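K.L.:
No letters, just coordinates:
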Ligand SMILES: [Zn+2]
């Protein structure tokens with residue numbers, strides 16, 4: 001499942017081929033993914049110049065000179081493929097640039113989405129309106145303010161998109177491990193000095209994953225190049241029963257219906 005680093009890597013890869021290019025062809029090969037494609041998608045994008053790309057939480061943003069922004073979400077299984085040699089069954093949306101680059105949004109499980117939002121209304125778009133700050137931008141003081149008075153476990157609060165946007169299960173587990181914070185700790189009970197360890201840990205796990213994904217960008221223009229998935233090495237995530245570097249054992253608990261991995265010796 002694509003997490004924030006994969007989306008960031010995807011956006012950077014797409015920027016290589018889309019930034020400053022004109023979209024000359026758009027073809028939706030079905031009417032919907034998780035929800036319908038905009039009916040006027042082709043009309044609004046065909047001929048548009050891509051003026052910039054960006055990311056908000058786990059959404060990719062493609063800005064055009066028509067004051068529209070294409071907002072995509074990769075859902076559970078989405079990825080963009082560039083200059084595919086053959087069309088695949090799950091290539092649901094195709095685009096071509098004035099340079100002849102062919103892009104396809106592939107999404108076998110179809111939990112992804114594509115929307116067109118007037119660029120100036122992006123911050124008021126329903127999915128964005130209530131989002132907390134970006135995890136790569138947040139400072140410890142700001143996180144402290146947002147956690148103030150909260151009695152829920154820090155693990156669940158960091159997954160709450162209103163507190164901090166786009167941080168997925170994997171990176172919350174890894175960041176709490178790196179900061180030495182027990183996942184069941186009440187969020188509001190964490191001192192500023194502990195949050196001053198947590199915030200760099202969040203930045204670190206995300207930056208390292210983005211850097212790892214960046215190495216896949218070398219292949220971005222290759223035939224059948226696929227953006228957005230890369231292998232990662234985790235300290236605790238999905239390592240139940242395995243050894244922590246301290247000599248302890250990684251444990252798994254369930255919080256809010258999702259697995260949390262942690263080391264009881266390292267995290268308090
Ligand atoms: Zn440990």
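P.N.:
Received it, and whenever you're ready, just let me know what you need. Values in this document were obtained by computation on a predicted structure and should not be read as measured data.

K.L.:
Ramachandran coordinates for the closest residue to residue 93 other than its chain neighbours?
P.N.:
Closest residue in space to residue 93, ignoring its immediate chain neighbours: residue 105 at 4.1 Å, by Cβ to Cβ, 6 or more residues apart in numbering. For the C-beta atoms, the positions are set from N, CA and C on the backbone; glycine is no exception. In terms of degrees, to the nearest 10, the main-chain angles of residue 105 are phi -90, psi 110.

K.L.:
from what I can see residue 105 touches residue 92, true?
P.N.:
Yes: with contact defined as Cβ atoms under 8 Å, residue 105 counts as touching residue 92 (5.8 Å).

K.L.:
Spell out which parts of the chain neighbour the ion.
P.N.:
Selection of the chain residues close to the ion by Cβ under 5 Å from the ion yields 244, 246, 248, 263, 265, 266.

K.L.:
So among those residues, which ones count as buried?
P.N.:
The neighbour count (16 or more other Cβ atoms under 10 Å) marks 244, 263, 266 as buried among these.

K.L.:
same for the helix ranked longest in the chain, what does it pack against?
P.N.:
For the chain, the longest helix by residue count, based on DSSP state H, is helix 192-214. Other helices and strands packing on helix 192-214, by 3 or more Cβ pairs under 8 Å, 6 or more residues apart in numbering; DSSP states H and E, are helix 4-18, helix 140-147, helix 169-179.

K.L.:
List the residues that contact residue 139.
P.N.:
residue 199 (Cβ atoms under 8 Å, 6 or more residues apart in numbering).

K.L.:
Go ahead and confirm residue 110 touches residue 33.
P.N.:
Yes: using Cβ under 8 Å, residue 110 makes contact with residue 33 at a distance of 4.7 Å.

K.L.:
Comparing those two, which residue is more hemmed in?
P.N.:
The neighbour comparison of residue 110 against residue 33 (other Cβ atoms under 10 Å) goes to residue 33, with 23 against 17.

K.L.:
ok, that one touching residue 109?
P.N.:
No: in this structure, residue 33 is not within contact of residue 109 by Cβ under 8 Å, at 9.2 Å.

K.L.:
Spit out the residues that contact these two alike.
P.N.:
Both residue 33 and residue 109 are contacted by residue 75, under the criterion Cβ under 8 Å, 6+ apart.

K.L.:
one step back: contacts only, for the residue nearest to residue 93.
P.N.:
Contacts for residue 105 (Cβ under 8 Å, 6+ apart) come out as 72, 78, 79, 80, 91, 92, 93, 94, 112, 114.

K.L.:
do residue 192 as well
P.N.:
Counting by Cβ under 8 Å, 6+ apart, residue 192 touches 140, 141, 144.

K.L.:
most surrounded residue in the contacts of residue 105?
P.N.:
When the contacts of residue 105 are compared by neighbour count (other Cβ under 10 Å), residue 78 ends up highest, at 30 neighbours.

K.L.:
So residue 88, which state does it fall into?
P.N.:
For residue 88, the assignment made with DSSP: H, G, I helix; E, B strand; the rest coil gives coil.

K.L.:
of the buried ones among the residues of the chain next to the ion, closest to residue 257?
P.N.:
residue 263 (21.9 Å; Cβ to Cβ).

K.L.:
was I right about the closest one contacting residue 252?
P.N.:
No: using Cβ under 8 Å, residue 263 is not in contact with residue 252, being 11.1 Å away.

K.L.:
Residue 247 - nearest residue in space that isn't next to it in sequence?
P.N.:
Per Cβ to Cβ, 6+ apart, closest to residue 247 is residue 265, 7.5 Å.

K.L.:
show me the residues around the one you found that make contact.
P.N.:
Going by Cβ under 8 Å, 6+ apart, residue 265 touches 244, 246, 247, 248.

K.L.:
what do you get for residue 237?
P.N.:
Residue 237 sits next to 169, 170, 173, 174, 261 when contact means Cβ under 8 Å, 6+ apart.
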